[in-house]
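# output the structure for:
(2 chains)
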Amino acid sequence: MTIRTVRPNRVQHFRPRTHCFKKLEAMVVEMQDPNSGVKGSEQKLNVNTIPHVITGEDVIAWITTKMKTTPEEVQAFGTMLVAYGYIYPLQNHKKLVMCNDTSLYRFQTPYFWPTQNWVAEDSDYAIYLAKRNIRKKGMLEPYEQAHYNHLHDWLNHKWDFIVMQATEQYRAGKERKKPDRVVFDCQERAYWIVNRPPPRTHSAMDTGPERLIDPTADEKITFDAYRRMNLFYQQAIMRSKVKSSVSLGALAKYVTTYKNHDPFLAPCLPSNPWQTDNDTYWTYNMRRVDVPTKMRVERWSFSLFELLSDLRGRDDFKVFLKKEFSGENLAFWEAAEELKWGTASSMPSKAETIFKTFLVPGAPRWINIDGRTMGLTVKGLDHPHRYVLEAAQTHVFLLMKKDTFFRYLKSPVYKDSQKKALNPESHSFSPAQLEQNAQNRSPGIHPIILWQQEEEEKAKAAVASAPVDIKAMMSKIDRKK
Amino acid sequence: MRSPLVPEMATQEVQLNETLSHLKTESETLKTKLEEERAKLHDVELHQVAEKVDGLGQFVMKTRRTLKGHGNKVLCMDWCKDKRRIVSSSQDGKVIVWDAFTTNKEHAVTMPCTWVMACAYAPSGCAVACGGLDNKCSVYPLSLDKNENLAAKKKSVAMHTNYLSACSFTNSDMQILTSSGDGTCALWDVESGQLLQSFHGHAADVLCLDLAPSETGNTFVSGGCDKKANVWDMRSGQCIQSFETHESDINSVRYYPSGDAFASGSDDATCRLYDLRADREVAIYSKESIIFGVSSVDFSLSGRLLFGGYNDYTINVWDVLKGTRVSILFGHENRVSTLRVSPDGTAFCSGSWDHTLRVWA
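Coordinates of the predicted model:
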């Protein structure tokens, strides 16, 4: 069953991707200039002589001169002119591409140009197919016959009108001179190939679902809307902004920092799996490796966000924090993340656990945050919502960012990681070896299995790091006595 | 209605009109003031800053994989965090999960609607989300058993009043952010299907969205047919920044890797870069010879390169800092509808209306 949405009945159809029409039309008009445009000639096609025929290579040469770019790019542009129906091919008329050779094309008459305002209606198509049927039965191709049958069904109430129109047009056509009729038939056929493309024909007028709201209509701005807009402007004016030199400098600095880590700018070591069909690079960078690579360890030093985003880096950070007996900040941050991104139903219980573990005075993993934030957070926990720990979490993150992170980078833990880090040699495969690699691409481990492993490890770690309940332990010892 | 009220209503209406025009003037004054404030901080251009940065060398980017299997136009794709699997959706309702490295198809789901315009891979790698003309976003948990019917475990999460244009998981499998042709974006709880937050402000269809890669992870940007790109606060539902410089529909928005800027691609054939801290547009990536719209954009890992998939079947690669085009890639036989860089930046994948996906590196 196909579900189709009920769209409002609008006279206008707001099709996407029509912004280019103006420029295309201007270009096509220029191309047809009798003095400076593309030179056309008469061509004999079957029995008839068709005027104003142009070749693909002439079109591409003309546009190359006009746009001052490469022939490949111009060929892509030319293909679009054909795909939109401004130019149509005379031979091979179902393939809407521009070929850079002696293939023959003609400019489409402006009557048949694509526009936003006039859509090729099904009833027009029905008239066209009926007319072809009148001219000669059995002339329709299979896909056209299928369309015809379908239209006959659902336009049945209008069918008399359609047949009448088709007959009229057929009669009018017969009164034209033969050469004109041939040209008009070509034009009309080209129009319908673009607007009702045959299977395996790529046409640019095959646009898909339409936009719902007219983007060109003036927005009727109501009283409330103005109020909201003004409020927005006021807030925007008040918001602190940064000088361009500062913010753009930061963007440039980011690029420079990550330059050697970008596989498009610097080679991956040992090699880019997509280029050599060897996935060692991914194996070296898996979630749980004993020895991370040098590049990975370097990346951890770029920012606390990078260090925490890479779970292997986070593990390393935890090792450092354990040595410093200050793991509770990170534990709180992780718990707060789980609250924020967890299911709505799990929130109350998670909030309570966090309160008991980290915030209540005398809690086993009490975090040291300023009184004001603590007060706000505890108050908010009366009615816990997703962002109740936001203030506390930000405070803790900033603490870690400004202090703990830098101490980590200077610590023996990190320096040790750097020293032991793997620095793989670059692969150099011979063409034969590359062939071999392509035959033997490794399937890797399925993400579902990795996820299950990860969940098991997390559960183990949670048990291991859970605060020891002294009272329970003592009572156990008492009972044993 | 008592007749004495009528003259009162008439005066009220006159008062309303006066206040409306008063608001309109105030609005225009405020808008000018905002532009002035922005201009005060506009002390340097991006290409000036870029002068100090090294130029880029020559690039050799080739198609490394061609994924054939969709019977119709490919509309959307997303990478799995394992850097090699992708999910793609097409016009005929099929959603396929591939191991792009080996080109094997691993799962296939047939949706009950055509034009599946949005799909996303869950961060855990254990589920995919998709939707389109059915106005919904549904989540399908994946399975190791190849013969299992995935449609049986399907979960309907989001319900919009018109087509779903884009969807994305947040930092976990438990929440989905969606955008729709009905002009709104929304945040949903996957387990219960509950609407957590809705975002109103676009005046027309919303076509795309992207979540900010920041340590707080509380904002996202959306682009629509009203030519606006809006930045939203996920907690309050408020629009905190808005940019209206494009001349036509914005088809794609993507954050710069640092989260301090974002790029957009539009039917007006330009890609633009917006600086969030300076609150303005800082670069336009365009050429005289490029007149067909951009359908999707994405950054390389360092943010130096911007890849754009265009409606003229090509992919253009831009130098983000210097503003020049670095490369143009040919290969697709119909418009490029979707483009994403892999999570570790080793490749990017483009999906096209020619029924195929290509991985480039």
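# can you give me phi and psi for B:W188?
The phi and psi torsions at B:W188 (degrees, to the nearest 10) take the values phi -120, psi 150.
# that one against B:Q175, yeah?
Yes - counting by C-beta atoms under 8 Å, B:W188 touches B:Q175, with 6.6 Å between them. For glycine as for every other residue, the C-beta is placed from the backbone atoms N, C-alpha and C.
# show me the common contact partners of these two, please.
When contacts are counted by C-beta atoms under 8 Å, 6 or more residues apart in numbering or on different chains, B:W188 and B:Q175 are jointly contacted by B:L196.
# in chain A, what residue is nearest chain B?
At 2.7 Å from chain B, A:P447 is the closest residue in chain A, using C-beta to the nearest C-beta.
# tell me which helix or strand in chain A has the weakest average pLDDT.
Counting by mean pLDDT, DSSP states H and E, chain A has its least confident helix or strand at helix A:470-480, which shows a mean of 74.
# neighbouring contacts of that one?
Residues lying outside helix A:470-480 but in contact with it, judged by C-beta under 8 Å, 6+ apart, are absent altogether.
# low-scoring stretches of chain B, by residue?
Residues of chain B meeting the criterion pLDDT under 70: B:1-18, B:216.
# please read the previous query as pertaining to chain A.
A:1-14, A:213-220, A:466-471, A:481.
# remind me, longest strand of it?
For chain A, the strand with the greatest residue count under DSSP state E is strand A:48-55.
# buried residues, the following helix or strand past that strand. List them.
Once strand A:48-55 ends, the next helix or strand along the chain (criterion: DSSP states H and E) is helix A:56-67. With burial defined by 16 or more other C-beta atoms under 10 Å in any protein chain shown, the residues of helix A:56-67 counted as buried are A:56, A:58-60, A:62-64, A:67.
# what comes into contact with helix A:56-67?
Contacts with helix A:56-67, where a contact means C-beta under 8 Å, 6+ apart, come from A:27, A:30-31, A:37-39, A:70-71, A:73-75, A:77-78, A:81, A:87, A:98-105, B:288-289.
# kindly report the same for stretch B:233-242.
The contact list for stretch B:233-242 (C-beta under 8 Å, 6+ apart) reads A:232, A:235-236, A:239, A:386-387, A:390, B:177, B:187, B:197-201, B:218-220, B:228-232, B:276, B:279.
# so B:I176, which state does it fall into?
Reducing the assignment to helix, strand or coil with DSSP: H, G, I helix; E, B strand; the rest coil, the entry for B:I176 is strand.
# so B:V53 is in which element?
Using DSSP H and E, B:V53 sits in no helix or strand.
# for it, give me phi and psi.
phi -100, psi 140.
# returning to what we had before: give me the buried subset of the contacts of helix A:56-67.
For those, burial is judged from neighbour counts taken by 16+ other C-beta under 10 Å, and it is met by A:27, A:31, A:38, A:73-75, A:77-78, A:81, A:87, A:98-100, A:103-105, B:289.
# which stretches of the stretch 201-350 of chain B form strands?
Defined through DSSP state E, counting those that start in this stretch, the strands belonging to the stretch 201-350 of chain B, from first to last, are B:206-211, B:219-224, B:229-233, B:239-243, B:250-255, B:261-266, B:271-275, B:280-285, B:294-299, B:305-310, B:315-319, B:325-329, B:336-341, B:348-352.
# let's have those in TSV, adding mean neighbour count and distance to A:D122.
Formatted as TSV, the entries for the strands of the stretch 201-350 of chain B read as follows, by neighbours: other C-beta atoms under 10 Å in any protein chain shown; distance: least, C-beta to C-beta, whole Å:
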stretch	mean neighbour count	distance to A:D122
strand B:206-211	24	27
strand B:219-224	25	30
strand B:229-233	22	36
strand B:239-243	19	40
strand B:250-255	26	28
strand B:261-266	27	31
strand B:271-275	24	37
strand B:280-285	20	40
strand B:294-299	26	27
strand B:305-310	27	30
strand B:315-319	22	35
strand B:325-329	18	37
strand B:336-341	25	25
strand B:348-352	26	27
